[in-house]
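> need a structure here:
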Amino acid sequence: MVDPSRGVLYPARLPTFTRLGPPPRAAELVVWFWIPEWDIAPGRSSRQEVVSFPASNLVVEPDGVVLSGPTTRISHRDLSGTGWAVGTLLRPAAVAALTDDPGAHRDSYTPVDAPDLHAAVCAAMVGSAASARHATAVEVFSDWLVERVGEPTPDARLAGAMAELLMTDSSVVRLADAAAALCVSQRTLQRLARRYVGLSPAAMIRRRRLQEAAQLIRDYPHADLSAIAADLGYSDHAHLTKDFAAVLAFTPSVYRATVRPNENSFR
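Model (predicted):
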């Protein structure tokens with residue numbers, strides 16, 4: 001599984017956060033489930049800033065179900081009071097069963113009419129130990145997805161292989177690399193990305209590299225930024241800085257200066 005902190009710009013600010021793999025029956029539909037729970041003192045809040053994975057999430061919260069589409073910029077949420085969410089990072093096969101055009105959901109949250117899913121997950125998240133709540137929530141969520149999606153098509157499976165490759169393989173820095181690895185044309189990958197992801201393959205590669213860059217900058221505060229850029233396949237430091245600024249609105253140097261590994265979780 002991908003490092004759980006990848007994509008989270010300030011991990012020290014996270015509330016109680018659990019990330020769980022899917023059961024085998026849902027493995028073609030879900031990358032992982034994520035479950036935050038929080039209880040923040042009155043008058044305080046916790047801002048969660050994330051460079052999201054190039055994918056969609058289906059999220060159940062006490063007040064409803066939403067489809068969170070793929071993002072093109074940094075996203076954040078300010079948490080306060082007491083609450084929870086049960087979300088899943090969706091694989092392409094599941095996305096295609098929820099929308100005909102995932103690109104239409106970029107940078108947005110769309111309510112999903114799924115009262116049975118909402119009721120089942122809410123019931124699972126009441127009482128008992130956290131581990132039991134989470135396990136039950138994952139089971140009922142998986143059951144719902146399996147029934148909703150059915151058997152993935154060959155195209156959906158190929159789109160899943162593409163997304164897995166672009167999300168996890170640091171040696172893939174160009175669309176041609178992915179096409180060669182999967183033995184298909186670049187045009188095929190572009191078509192699959194449009195139908196099953198909502199972002200171009202090139203945008204997916206850029207997002208993974210940006211996540212990796214942020215993690216290296218955070219974890220190795222004294223590493224040379226030019227060396228990090230070279231290791232991740234950027235042409236130079238300026239290229240990395242341009243990508244950072246385009247998505248995060250600040251530079252790698254500013255991020256390095258502001259990130260604090262042991263900062264207080266709530267501000």
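
> Now for this structure, the helix or strand with the poorest mean pLDDT.
Comparing every helix and strand of the chain by mean pLDDT, DSSP states H and E singles out strand 46-50 as the least confident one, with a mean of 72.

> May I have that one exported as CSV, CA atoms only?
C-alpha atoms of strand 46-50 as CSV (Å, rounded to 0.1, in the frame of the first residue of the first chain):
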residue,chain,number,x,y,z
SER,A,46,-8.1,21.7,12.6
ARG,A,47,-7.3,22.5,9.0
GLN,A,48,-6.5,19.5,6.9
GLU,A,49,-4.6,20.4,3.7
VAL,A,50,-4.2,17.6,1.1
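
> Could you tell me which residues within that strand count as buried?
Taking 16 or more other Cβ atoms under 10 Å as the basis for neighbour counts, the residues of strand 46-50 that come out buried are 46, 48, 50. Every C-beta, even on glycine, is put in place using the N, C-alpha and C of the backbone.

> same question, stretch 93-107
93-99, 102, 105-106.

> nearest to Glu151, of the buried residues of strand 46-50?
Comparing the buried residues of strand 46-50 against Glu151 with Cβ to Cβ places Val50 closest, at 32.1 Å.

> wait, the closest one sits on Pro36?
No - in terms of Cβ atoms under 8 Å, Val50 does not count as a neighbour of Pro36; the distance is 11.3 Å.

> rewinding a little: quick one: contacts of the helix or strand following the least confident helix or strand of the chain?
Beyond strand 46-50 on the C-terminal side, the first helix or strand identified by DSSP states H and E is strand 57-61. Residues lying outside strand 57-61 but in contact with it, judged by Cβ atoms under 8 Å, 6 or more residues apart in numbering, are 65-68, 83-90, 94, 98, 112, 117-118, 121-122, 141, 145.

> show me where pLDDT drops low in the stretch 151-267 of the chain?
Across the stretch 151-267 of the chain, the stretches falling below the confidence threshold (pLDDT under 70) are 260-267.

> What are the boundaries of the helices in it?
Across the stretch 151-267 of the chain, reading from the start of the chain, the helices by DSSP state H, counting those that start in this stretch fall at 154-168, 175-182, 186-196, 201-219, 225-231, 237-248, 252-258.

> Please identify the deepest-packed of the ones you listed.
Burial of those is given as mean neighbour count (mean count of other Cβ atoms under 10 Å); helix 201-219 ranks first at a mean of 21.

> Pull the distance from that one to the chain's centre.
In terms of Cα atoms, centre = their mean, to the nearest Å, the gap separating the centre of helix 201-219 from the centre of its chain is 12 Å.

> what about the closest residue in space to Leu248 that isn't next to it in sequence, how many neighbours?
Distances taken as Cβ to Cβ, 6 or more residues apart in numbering place Ile74 nearest to Leu248, at 4.9 Å, with adjacent residues excluded. Here the count is done by other Cβ atoms under 10 Å, and Ile74 has 15 residues near it.

> Can you tell me the SS state at the closest residue in space to Val247 that isn't next to it in sequence?
If the residues on either side of it in the chain are set aside, Val247 comes closest to Arg73, at 5.5 Å by Cβ to Cβ, 6+ apart. Reduced to three states with DSSP: H, G, I helix; E, B strand; the rest coil, the structure at Arg73 is coil.

> Was I right to think Arg73 contacts Asp107?
Yes - with contacts defined as Cβ under 8 Å, Arg73 counts as touching Asp107 at a distance of 6.7 Å.

> What score does Pro4 have for pLDDT?
According to the prediction, Pro4 has pLDDT 55.
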